[in-house]
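Peer 1: Sequence first, predicted model second:
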Amino acid sequence: MSDAVFTRHASLDDAAAIAPLLDKYREFYGEASDLTRSTAFIQQRFYLGESIIIVALVNNEIIGFTQLFPSFSSVTLERLWILNDLYVEASKRRAGVGPMSST
């Protein structure tokens with residue numbers, strides 16, 4: 001098996017795998033763990049089309065995610081995407097995901 005890191009756009013089918021990562025991300029920032037709310041939050045973003053989530057995978061396992069939210073620029077008069085969240089499972093942080101998140 002290869003330990004190569006791959007990224008792809010996530011879908012609603014990935015919500016159950018992303019939610020525990022979101023929960024750990026929230027804990028890192030001092031929030032109490034709440035997997036139920038984390039799951040609902042991710043599902044809601046997919047249902048409403050309110051964000052783009054890109055997942056990082058190693059051996060078909062989701063090990064990280066980044067979430068982008070839409071905004072607009074009054075200067076360029078265009079829509080833009082704000083990278084709001086970025087999390088990689090602690091045990092996988094040396095897998096080379098970081099550089100891939102900016103491509």
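Peer 2: Now that the structure is in, tell me what you want to look at. Everything numeric here is computed off the predicted structure, so don't read it as measured data.
Peer 1: For this structure, give me the ranges with low pLDDT.
Peer 2: Segments of the chain classed as low confidence (criterion: pLDDT under 70) are 1-2, 95-103.
Peer 1: Name the residues of the helix or strand in which Arg37 is found that come out as buried.
Peer 2: Taking DSSP states H and E as the criterion, Arg37 maps to helix 35-48. Under the neighbour-count criterion of 16 or more other CB atoms under 10 Å, helix 35-48 has 38-39, 41-42, 45-46 buried. Using the backbone N, CA and C atoms, a C-beta is placed for each residue, glycine as well.
Peer 1: I'd like these written out as TSV, with distance to Pro20 added.
Peer 2: Supplementary listing: the buried residues of helix 35-48 in TSV, determined by distance: CB to CB, whole Å:
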residue	distance to Pro20
Ser38	7
Thr39	9
Phe41	12
Ile42	10
Arg45	16
Phe46	16
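Peer 1: residue ranges for the helices of the chain, please.
Peer 2: Secondary structure of the chain, counting by DSSP state H: helices at 15-28, 35-48, 97-100.
Peer 1: Nearest to Asp3, out of these?
Peer 2: Using CB to CB as the measure, helix 97-100 is the one of those that comes nearest Asp3, at 11.6 Å.
Peer 1: sorry, back to before: want to throw the helices of the chain into a markdown table with distance to Val88?
Peer 2: Conversion of those to a markdown table gives the following (distance: least, CB to CB, whole Å):
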| stretch | distance to Val88 |
| --- | --- |
| helix 15-28 | 8 |
| helix 35-48 | 16 |
| helix 97-100 | 5 |
